[in-house]
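Engineer: Please work out how this folds:
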Amino acid sequence: MIDKVLIPMVISPLVGLVLGYLVMTAMLWAFRRGNAHKVRRGFRHAQIASAAALALGHGLQDAQKSMGVIVLALAVTGVGHGHTAPLWVVLSCAAAMALGSYSGGLRVVRTLGRRVFPMTPPHGFAAELSGATVLYVTAFAWAAPISTTHVITTAIMGVGATRRPSAVRWGIAGDIVTGWVLTLPAAIVHWPASLALG
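Structural biologist: Just a heads-up that it's a prediction; the model follows:
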């Protein structure tokens with residue numbers, strides 16, 4: 001559990017932070033002589049690909065967790081057979097993620113893209129590319145479950161820090177990280193209480 005869940009959960013946001021910084025630094029160097037307007041417009045179009053890559057990584061990581069819980073519940077109750085998720089489970093999780101992103105995604109995007117650091121298309125491309133890379137590597141090479149939100153948030157912090165460290169609103173970022181840290185112990189404390197009440 002520690003090497004497959006806890007270590008990736010802690011390391012992946014740090015990797016997202018560093019990778020976001022490095023990717024943005026490389027882009028700034030590569031396009032240092034380019035026309036700012038043309039570069040921004042080009043990255044606005046390139047974000048279609050980077051956002052799609054991040055969305056696929058989000059599905060690879062977060063949908064797998066939901067499907068795993070449902071398959072486990074099916075196996076425990078004797079309804080499921082083996083370790084394969086039935087098609088209805090896959091479709092249900094995909095639909096739930098799509099509806100969740102549709103209903104609350106804009107608020108998350110506004111918080112990450114404006115309040116943590118005011119993003120431009122090049123910044124968005126660098127953060128999405130960095131986040132997608134971490135999601136794919138952990139899904140395929142490490143086979144470890146990580147949080148898309150953790151990775152993209154820290155990638156945005158890394159990208160923002162290339163402008164100057166003070167450009168990132170570290171107070172808001174700290175509030176987000178505090179929420180991550182408190183989630184697991186709060187869930188552990190809440191779980192027995194909910195069983196007792198239920």
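
Engineer: Centre-most residue in the chain?
Structural biologist: Among the residues of the chain, the one closest to the centroid is Thr148, at 1.6 Å (Cα atoms, centre = their mean).

Engineer: pretty sure it is touching Val134, no?
Structural biologist: No: applying Cβ atoms under 8 Å as the test, Thr148 and Val134 come out as separate, 9.3 Å apart. From N, CA and C alone the C-beta is placed, and that goes for glycine too.

Engineer: pull the CA atoms of stretch 157-174 into CSV?
Structural biologist: Provided in CSV are the C-alpha atoms of stretch 157-174 (Å, rounded to 0.1, in the frame of the first residue of the first chain):
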residue,chain,number,x,y,z
MET,A,157,2.5,26.5,-9.6
GLY,A,158,5.7,25.4,-11.3
VAL,A,159,4.7,27.1,-14.5
GLY,A,160,3.8,30.3,-12.6
ALA,A,161,7.1,30.3,-10.7
THR,A,162,8.9,30.8,-14.0
ARG,A,163,7.6,34.3,-14.2
ARG,A,164,8.7,35.0,-10.7
PRO,A,165,8.0,33.1,-7.4
SER,A,166,5.8,35.9,-6.1
ALA,A,167,3.5,35.6,-9.2
VAL,A,168,2.0,32.5,-7.7
ARG,A,169,-0.5,33.1,-5.0
TRP,A,170,1.1,30.8,-2.5
GLY,A,171,-1.6,31.5,0.2
ILE,A,172,-4.3,30.1,-2.0
ALA,A,173,-2.0,27.2,-3.1
GLY,A,174,-1.3,26.5,0.6
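
Engineer: one step back: what touches both of Thr148 and Val134?
Structural biologist: For the pair Thr148 and Val134, residues contacting each of them under the criterion Cβ atoms under 8 Å, 6 or more residues apart in numbering are Gly57.

Engineer: longest helix in the chain, by residue count?
Structural biologist: Determined from DSSP state H, the single longest helix within the chain is helix 170-197.
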